[in-house]
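J.: Below: sequence and its predicted model.
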Amino acid sequence: MTARPAPGALFGEHSVSWRLVSRWTVLLGGPAAVLLQVAHPSVGAGVSQHSSYAEDALGRLERTLSAMLAISFGSPERREAVLAELRSLHQPVVGTRDDGVPYRALDPELQLWVWATLGYVALEVERRYVHRLTHDDRKQYYLESTELARCFRVPERLIPADLEAFERYVADTIAGLEVTADALETKDGIMRPRLGPIPPGLFAPAEWVTVDLLGPELASAFGFAPLTSAQRRLVRTSKGVGRQLLPRLPEPLLSNPLNKRSIA
């Protein structure tokens with residue numbers, strides 16, 4: 001049976017959030033969201049100095065995405081327990097960047113950026129590979145997602161008022177990002193995870209999607225090679241196939257595999 005939001009969940013099954021995030025397609029943007037986060041030098045330093053991304057990149061990403069699903073669609077008790085656990089984990093994450101600037105994971109502006117990357121990438125994946133949300137749907141999804149920002153205690157004054165303001169905030173922040181050595185370390189862990197005998201080439205399609213989502217300037221700063229003409233054609237083809245095929249699939253085939261273990 002397909003998982004459904006728990007009674008009292010932050011977002012119900014008729015929300016745009018459920019339509020978007022409960023489907024496996026959102027997972028396509030996981031690596032891009034992580035790289036956008038760590039391209040902020042303070043986030044990159046915190047991840048490098050306090051995280052296991054280099055040793056267990058996929059496991060760490062899975063735990064992060066599962067936590068977001070639990071907060072969004074789990075019971076109120078589950079939501080509060082996960083939020084308390086995350087606050088406890090992030091409380092000691094403090095330090096100093098290589099350039100001498102101090103950071104702390106619970107800084108509201110850093111929390112805002114991490115939250116923003118998840119919503120931004122989710123919308124971009126949907127727009128490029130599914131393209132079934134209307135502009136009004138996108139605006140509604142953004143307004144729903146602000147409840148997540150409040151769950152993370154982001155002050156109201158920092159939360160963009162609407163989708164247009166959110167898009168300006170993301171664009172302005174991306175323009176000021178800096179790919180540091182810390183960010184490059186995370187990139188290596190997330191794009192080339194250590195999975196024993198599995199050949200690195202198996203992850204090439206995920207890299208192409210990530211490069212497409214990051215855009216040429218940021219992808220270049222991370223050291224990704226430009227996509228070849230053949231790779232660009234494959235990405236374009238996957239978008240066209242996705243837009244035609246995904247809306248026709250039965251719901252069980254679209255379900256995010258992390259739903260059942262995350263929602264309670």
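T.: Thanks, I have the structure now. Numbers count the residues shown, from 1 in each chain.
J.: can you pull out the strands in this structure?
T.: 94-96, 102-104 (DSSP state E).
J.: Figure out which of the ones you listed is closest to E77.
T.: Of all the strands of the chain, strand 102-104 sits nearest to E77, with 28.1 Å by Cβ to Cβ. Where C-beta positions appear, they are placed from N, C-alpha and C, glycine not excepted.
J.: same for the closest one, what does it pack against?
T.: helix 41-50, strand 94-96 (3 or more Cβ pairs under 8 Å, 6 or more residues apart in numbering; DSSP states H and E).
J.: Pretty sure G29 is one of the things E126 touches, is it not?
T.: No: between E126 and G29 there is no contact under Cβ atoms under 8 Å: 9.1 Å.
J.: Next, the contact list for the closest residue to W115 other than its chain neighbours, please.
T.: Distances taken as Cβ to Cβ, 6 or more residues apart in numbering place A149 nearest to W115, at 5.0 Å, with adjacent residues excluded. A149 sits next to Q111, L112, W115, I159 when contact means Cβ atoms under 8 Å, 6 or more residues apart in numbering.
J.: To what extent is the last one buried, counted in neighbours?
T.: In this case it means I159. Look at I159: counted by other Cβ atoms under 10 Å, it has 19 neighbours.
J.: show me what contacts M68?
T.: Contact partners of M68, counting by Cβ under 8 Å, 6+ apart, are V21, L118, L148.
J.: L65 versus the first one, what's the distance?
T.: Meaning V21. According to Cβ to Cβ, to the nearest Å, V21 stands 9 Å off from L65.
J.: who's more crowded, these two?
T.: Comparing V21 with L65 by other Cβ under 10 Å, the one with more neighbours is V21, at 27 against 19.
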